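1. give me a 3D structure for the following:
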Amino acid sequence: MFSHYGSGKISTLRLPGSLESGDTSLVVAGSDNGVVCLSEYSTKTTIYLWNPTTGEVKKLPPPTYCRLWQNFNSRLGLIYDPVMNDFKVVMVCSHLSGDRVRDGSIFAMFQRCNTVVIYSLRTNSWKRIQMSNIFSSSSSVSTLLNYDCSVVVNGSIHWTLYYHDQDNYGGGRNFKFGVVAFSLTTEEFKLIKAPQHIKAKSVQSIGKLSENLSFINRDAPGSVEIWIMKEHGASYSWIKQASVDLTFFLKWPSLRKWRFFFRHEWLFFQQPHEQHEQVFSIAFGNNVYVIICSASHGLFWYNLNSNTLEYLGPEITVVGFNSASTYLLN
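-> Predicted structure coming up:
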C-alpha cells in the first residue's frame, strides 16, 4: 500500500487473519480518511471496512433492498462524512441487460433502474435512495462493467464509466469514457463527461492529483497523458496537465532517477523509434506523484514537479489510501 500524502514510499501490509482466505478474492472498492473498503469478489455482497493503521476490521451486515439477480453486479464506494463523523458505503446494484447477456459484460449500470443503498457505520444500517437519471431520458444507454477502485474528491465518490448509445450498438462498440460522481451532501449522482477525443479503451485509471479529479490516458504505446479537472463537476474544465513518453527511460535497466526535458507547462520525453515493452501508469499519489509500472523494470514514482522518475521496486499490485487513521470501526 502507499499513502497519497506520504513521501512516495510503498509499505507492505498484511491483511488481518479474519480477512485471509485461500478460497476468497477480495476487491478493493475504495478508501477515505485512512479506512479501506473491501468486498468479496464471489459474493459481491460481503463487505468489510479495514483500518490499516489499527488493524481493525468491520464486517458489514448484508445490504438490504438489493435483490440478488442471477446476473447481478454492483459498484461500491466509501466516503467519510466529517459533519456526522461517520463512514458511509454506497452500493449501486445492477444486472445484465436482457439482450446483452450473451456479451457477459454489458450492464445497465448507473441507470434509473438500479437499486442504490447507503450504509452508515454510525448506525450500522442500510437505507435505500433513488437513483438519479444521469443520462438523457430520450436515449437508450449501455454501460461496460469496470472494476476500478472508486476515488473520493471534493466530498464525492467517483467511479469510471464506459458507455454508449444502444441505438448505435450495431455500428461498433465505440464506448465513451466518463466519470460518475455521487455527492455526499445531496445524495445525487452526476455524469462527468471526458473530452470528446478521449477513447474509453485508452483510459487507464482515475485518481486525485493536487486535490483535483484526474485520469490517465494512454495516448500511444509507452506514452501517457495526465488530465485534471480544474473545476469539480464541470466537464468543460478538463485540461491536459502533462504528456509523458515513458519509453525513453526503459532503455536503461539500472535507472534509479532520471531528469527529462521541460518545456512550458507540458512535459515532453524523447521518443525513440524502436519498439519497446509495454509500460503503463497504475495509480495516483496526491499532489505530485503518479505510480508507473513496467513489466521488466518494476514500479516508479513519477514526480510532476521535479520532472523525475524514481525507482521503487519490482512490479507488484499496489493500493492507495489517503491518510493514517485511528478511527474505531467497532
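2. only C-alpha atoms for contact and neighbour calcs from this point on.
-> Will do.
3. show me the shaky parts of the stretch 101-250 of the chain.
-> Where the stretch 101-250 of the chain drops to pLDDT under 70, the residues are 101-107, 136-147, 165-173, 221-222, 246-250.
4. quick check: the gap between Asn174 and Trp238.
-> Using Cα to Cα, to the nearest Å, we find Asn174 at a distance of 21 Å from Trp238.
5. and for Phe215?
-> With distances defined as Cα to Cα, the gap from Phe215 to Trp238 amounts to 10 Å.
6. Thr64 contacts Tyr119, doesn't it?
-> No. Using Cα atoms under 8 Å as the test, Thr64 is too far from Tyr119 to be in contact (9.5 Å).
7. which one's more surrounded, those two?
-> In terms of neighbours (other Cα atoms under 10 Å), Tyr119 is the more surrounded of Thr64 and Tyr119; the figures are 22 against 14.
8. mind checking the SS state of that one?
-> The three-state assignment at Tyr119 reads strand, by DSSP: H, G, I helix; E, B strand; the rest coil.
9. surely it meets Val89?
-> Yes. Counting by Cα under 8 Å, Tyr119 sits close enough to Val89 to count as a contact (5.0 Å).
10. all strands of the stretch 151-300 of the chain, in order?
-> Counting by DSSP state E, counting those that start in this stretch, the stretch 151-300 of the chain has strands at residues 151-153, 156-165, 176-183, 189-193, 203-209, 212-220, 223-229, 238-245, 257-259, 262-263, 266-267, 279-284, 289-294, 298-303.
11. let me have those in a markdown table, extended by distance to Phe110.
-> Converted to a markdown table, the strands of the stretch 151-300 of the chain look like this (distance: least, Cα to Cα, whole Å):
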| stretch | distance to Phe110 |
| --- | --- |
| strand 151-153 | 16 |
| strand 156-165 | 9 |
| strand 176-183 | 8 |
| strand 189-193 | 8 |
| strand 203-209 | 17 |
| strand 212-220 | 19 |
| strand 223-229 | 21 |
| strand 238-245 | 22 |
| strand 257-259 | 42 |
| strand 262-263 | 41 |
| strand 266-267 | 35 |
| strand 279-284 | 24 |
| strand 289-294 | 28 |
| strand 298-303 | 33 |
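12. of the ones you listed, which is nearest Gly55?
-> Using Cα to Cα as the criterion, the shortest distance between Gly55 and those is 22.0 Å, found for strand 151-153.
13. OK, contacts around the spatially closest residue to Leu76 that is not a sequence neighbour?
-> Once its chain neighbours are removed from consideration, Leu76 has its nearest residue in Met91; the separation is 4.6 Å (Cα to Cα, 6 or more residues apart in numbering). By Cα atoms under 8 Å, 6 or more residues apart in numbering, the residues touching Met91 are 74-77, 116-118.
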